[in-house]
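> could you look at this predicted model? Sequence included:
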Amino acid sequence: MKKINILTSSLALILFANLNANAQIKLSDIFKKVTDKQSTTTATGTPTTFEIGQGIKEALQLGVSAGADRLSVKDGFLGNLAVKILMPPEAQKVEKTLRGIGLNKLCDNVITSLNRAAEDAATEAKPIFISAIKQMTLADATNILLGNNDAATAYFKRVTTSELMQKFSPIVTTSLNKVNATKYYSDLTSQYNRLPLVKPVNTNLTEYVTQKAIDGLFIEVAKEELKIRGNFNARSTTLLQKVFGYADKKKS
């Protein structure tokens, strides 16, 4: 009788273990299906106004960061033909004249130093741009999302350029002096102004380089905007996939 009880208990334990294992497998399958469904639906569907706002801000922050990082390294401006800073328009005649009499190095020093100043200043640009992004309203974000391919960049230019010029100007002034751009440009204009019968040239280097540096940053941000709008792989988060996937459907 004792042996029968032991055998019965053993069979019961085995049966319970099998039932428990099967239950765990089924629960695991159910959990996996729910998780898969959730991961699928979070990247699709209609985003809320809040999600659109967050998505646009996230995209702009990524674009600004990438653009500023590219421009703030050595040759970020000088080695990029799309943003390279040349002589100010009023000094281009000066450059041509001085190169004609063999002062190529002096001209090259000026151009290199202007770009070095912009590269140096670009390291300080990111927090200024990101602060402007954070102030964007939800309505602005929705208009940007469903707007033209450069809607974000256009908005950025419209609402931040004045403030950026004001905040960026002292940074550029410091950078110009740091890389001797002011000295080189003064040497160049002094050489030119000593020539007979020429009209003296005076340029506000800070204003010129500040504007060119900001223009260059906008160009790089525009590249990032086009990338994230047109390239699914550039949408690196679930939120970006959902928000810009929704925009794709609305525009198709």
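The structure has been received and is ready for your questions. Numbering: from 1, shown residues only.

> okay, CA-based contacts and neighbour counts for the rest of this
Fine.

> next, give phi and psi for Gly63.
phi -70, psi -50 (degrees, to the nearest 10).

> ok now stretch 221-231, how far from the chain's centre?
Stretch 221-231 has its average C-alpha position 9 Å from the chain's average C-alpha position, going by Cα atoms, centre = their mean, to the nearest Å.

> next, the buried residues of that stretch.
Val221, Ala222, Lys223, Glu224, Glu225, Leu226, Lys227, Ile228, Arg229 (16 or more other Cα atoms under 10 Å).

> how much space between the first one and Gln61?
Note on Val221: its distance to Gln61, by Cα to Cα, to the nearest Å, is 9 Å.

> now the fourth one
When Cα to Cα is the yardstick, Glu224 and Gln61 sit 10 Å from each other.

> residues near Lys126, how many?
Neighbourhood size, Lys126 [other Cα atoms under 10 Å]: 18.

> who are the neighbours in contact with Asn202?
Contacts for Asn202 (Cα atoms under 8 Å, 6 or more residues apart in numbering) come out as Thr189.

> could you do the one 3 residues further on as well?
In this structure, Leu205 makes contact with Thr182, judged by Cα under 8 Å, 6+ apart.

> swap the cut-off to 10 Å and go again
Met87, Pro88, Leu114, Val172, Thr173, Leu176, Ala181, Thr182, Tyr185, Gln211 (Cα atoms under 10 Å, 6 or more residues apart in numbering).

> what are the boundaries of the helices in this structure?
With DSSP state H as the criterion, the chain has helices at 2-42, 49-71, 92-100, 104-122, 125-134, 138-145, 151-178, 181-193, 205-230, 238-251.

> now distance to Ala82 and mean pLDDT too, for those, in TSV please.
Shown next, in TSV, are these (distance: least, Cα to Cα, whole Å; pLDDT from 0 to 100):
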stretch	distance to Ala82	mean pLDDT
helix 2-42	38	44
helix 49-71	11	89
helix 92-100	18	89
helix 104-122	12	92
helix 125-134	18	81
helix 138-145	24	89
helix 151-178	16	86
helix 181-193	21	87
helix 205-230	8	90
helix 238-251	27	89
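
> sorry, back to before: quick check, nearest of the contacts of Leu205 to Gly53?
Nearest to Gly53, judged by Cα to Cα, of the contacts of Leu205 is Gln211 at 28.5 Å.

> for the closest one, grab the count of nearby residues.
Counted with other Cα under 10 Å, the neighbours of Gln211 add up to 19.

> pretty sure it contacts Ser169?
Yes. Using Cα atoms under 10 Å, Gln211 makes contact with Ser169 at a distance of 8.9 Å.

> what's the overlap in contacts for these two?
Residues touching both Gln211 and Ser169 (Cα under 10 Å, 6+ apart): there are none.

> ok, and the closest non-adjacent residue to Gly216?
Leaving aside its sequence neighbours, Gly216 sits nearest to Val83 (Cα to Cα, 6 or more residues apart in numbering; 5.0 Å).

> and the one you found, how many neighbours?
21.

> please apply the same query to Tyr208.
Look at Tyr208: counted by other Cα under 10 Å, it has 17 neighbours.

> please renumber so the chain begins at 18
Fine by me, first position is 18 from now on; the one you just mentioned is Tyr225.

> lovely, talk soon.
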